[in-house]
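>>> Sequence and predicted model, in that order:
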Amino acid sequence: MSSGSLVGGFNWADEAAADVLALESVLPASHEVYDPATGIRTVIEYHFNDKGQKVQTIRKFKKTTQTVKVNKNVERRKHLTEFGDAKGQTEAIRRNVTYFAIDEIVLDLSRKTETDEDVNDPLNKLSGKSIVICRLCGAVGDHWTLKCPKRETALGAGERPSPTAAGESASTPTGASTTGRYVPPANRPGASAAMRAGLDKDDLPTIRITNLSEDTTESDLSELLAPFGHVMRIRLAKDRITMRSKGYAFISFTTHDSAQRAIDRLQGYGYDNLILRAEWSRSMQQLMREREEKEAAERQQQAERMGSR
């Protein structure tokens with residue numbers, strides 16, 4: 001009898017093949033391996049892929065404990081008893097019962113009330129305006145020197161020539177009549193000291209800034225020098241053809257302290273990729289030397305008088 005024949009109506013070959021297929025279709029049981037030294041837990045699992053092939057999957061897990069510091073008040077609020085709409089609801093619903101308020105609150109900002117002293121203060125009246133000082137009468141912020149109503153009286157209050165000198169000056173022709181050129185009133189014979197002092201502009205504290213770029217304008221200098229004090233005049237040297245900066249400018253301030261602050265801050269200051277140089281102008285240097293010499297002479301005379309006593 002062949003091996004494939006039937007014995008009592010039963011095929012032993014088919015039964016053996018079925019047993020083999022049954023063994024191949026059975027997956028091994030999943031199991032875990034834990035390593036106490038490293039704290040790693042390994043899980044081994046088996047499954048079939050789309051092609052019917054047996055696949056082994058190995059996953060490793062490591063449990064770590066992380067400590068986080070939480071504010072006590074925050075933790076206490078998390079464990080508060082629910083009330084209202086949140087009471088008896090699920091976690092998802094409890095998270096949605098709290099929302100930001102949409103009520104708009106309008107704040108009425110209080111404005112500073114001006115007192116009578118602030119209103120009557122002349123400095124507050126001049127805030128935001130240019131300070132104009134008349135050289136003849138000394139009025140501040142009222143008018144320019146050329147439009148001074150006391151100009152004639154102020155200029156006439158100086159030295160008056162004697163009658164003989166007046167006759168000689170009347171008979172003697174002036175420089176304008178002899179040379180045919182215009183002579184300023186301050187340089188004409190008989191001009192008073194008040195006229196010369198009123199037309200002199202060198203008494204203002206003036207500084208000289210050099211190493212400026214060609215793109216510098218008067219507005220740039222005004223913005224640069226505004227923090228140091230009030231600026232009376234800005235003279236920027238420009239080329240007559242291109243009208244661009246020549247690299248230096250003269251700035252006059254109202255006070256000596258403002259000019260000194262500008263020199264201290266702008267000397268060696270980096271501006272427009274250049275290093276500025278700030279110093280007193282030559283006229284101011286000469287004026288300061290004359291003042292120092294005058295003060296030294298007065299101190300020497302005072303010392304001599306004290307010694308003679």
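All right, it came through fine.
>>> Lowest-scoring secondary structure element of this structure by mean pLDDT?
helix 163-171 (a mean of 44; mean pLDDT, DSSP states H and E).
>>> Remind me which helix or strand the nearest residue to F250 once chain neighbours are set aside belongs to.
Once flanking residues are discounted, F250 sits nearest to R235: 4.4 Å by C-beta to C-beta, 6 or more residues apart in numbering. All C-beta atoms are positioned from the backbone trio N, CA, C, and that covers glycine. For R235, the host element (DSSP states H and E) is strand 231-238.
>>> N73 too?
helix 72-78.
>>> Send me that helix as CSV with only the CA atoms.
Extracted C-alpha coordinates of helix 72-78, given in CSV (Å, rounded to 0.1, in the frame of the first residue of the first chain):
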residue,chain,number,x,y,z
LYS,A,72,1.4,75.7,46.2
ASN,A,73,-1.5,78.0,45.4
VAL,A,74,-1.8,76.6,41.9
GLU,A,75,-1.8,73.0,43.2
ARG,A,76,-4.4,73.9,45.8
ARG,A,77,-6.7,75.4,43.2
LYS,A,78,-6.5,72.2,41.1
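>>> Show me what it is packed up against.
Counting contacts by 3 or more C-beta pairs under 8 Å, 6 or more residues apart in numbering; DSSP states H and E, helix 72-78 is packed against no other helix or strand.
>>> Return the residues in contact with M232.
Residues near M232 by C-beta atoms under 8 Å, 6 or more residues apart in numbering: L204, S252, F253, T254.
>>> That one - nearest residue in space that isn't next to it in sequence?
M232 sits nearest to S252 (C-beta to C-beta, 6+ apart), 4.6 Å away.
>>> Three-state assignment for that neighbour, please.
Assigned by DSSP: H, G, I helix; E, B strand; the rest coil, the conformation of S252 is strand.
>>> Tell me how many other residues surround it.
Number of residues near S252 (other C-beta atoms under 10 Å) recorded here: 19.
>>> Okay, and the beta partners of it?
Beta-bridge partners recorded for S252 (DSSP bridges): T206, R233.
>>> residue ranges for the strands of the stretch 151-300 of the chain, please.
Listed in chain order, the strands of the stretch 151-300 of the chain (DSSP state E, counting those that start in this stretch) span 206-210, 231-238, 245-253, 270-271, 274-275, 277-280.
>>> Just put the ones you listed in CSV and tack on distance to M288 and mean pLDDT.
Below are these laid out as CSV (distance: least, C-beta to C-beta, whole Å; pLDDT from 0 to 100):
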stretch, distance to M288, mean pLDDT
strand 206-210, 11, 91
strand 231-238, 18, 90
strand 245-253, 14, 91
strand 270-271, 26, 90
strand 274-275, 25, 92
strand 277-280, 7, 90
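>>> just so I know, which of those strands lies nearest K72?
strand 270-271 (52.9 Å; C-beta to C-beta).
>>> Neighbouring strands - and their directions - for that closest one?
Checking strand 270-271 against DSSP bridges gives partners strand 274-275 (antiparallel).
>>> returning to what we had before: so after the helix holding N73, what's the next helix or strand?
Immediately after helix 72-78, counting by DSSP H and E, sits helix 91-94.
>>> Just the C-alpha atoms of that next one, please, in PDB.
Extracted as PDB, the C-alpha positions of helix 91-94 are listed here (Å, rounded to 0.1, in the frame of the first residue of the first chain):
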ATOM      1  CA  GLU A  91     -12.900  66.500  32.800                       C
ATOM      2  CA  ALA A  92     -13.300  67.800  29.200                       C
ATOM      3  CA  ILE A  93     -16.400  69.800  30.200                       C
ATOM      4  CA  ARG A  94     -14.800  71.200  33.400                       C
END
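>>> rewinding a little: just name the most buried of the strands of the stretch 151-300 of the chain.
strand 206-210 (a mean of 21; mean count of other C-beta atoms under 10 Å).
>>> ok and it relative to strand 245-253, angle-wise?
160 degrees (axes from the mean of the first three to the mean of the last three C-alpha atoms, to 10 degrees).
>>> Quick one: list the elements packing against strand 206-210.
strand 245-253, helix 256-266, strand 277-280, helix 282-308.
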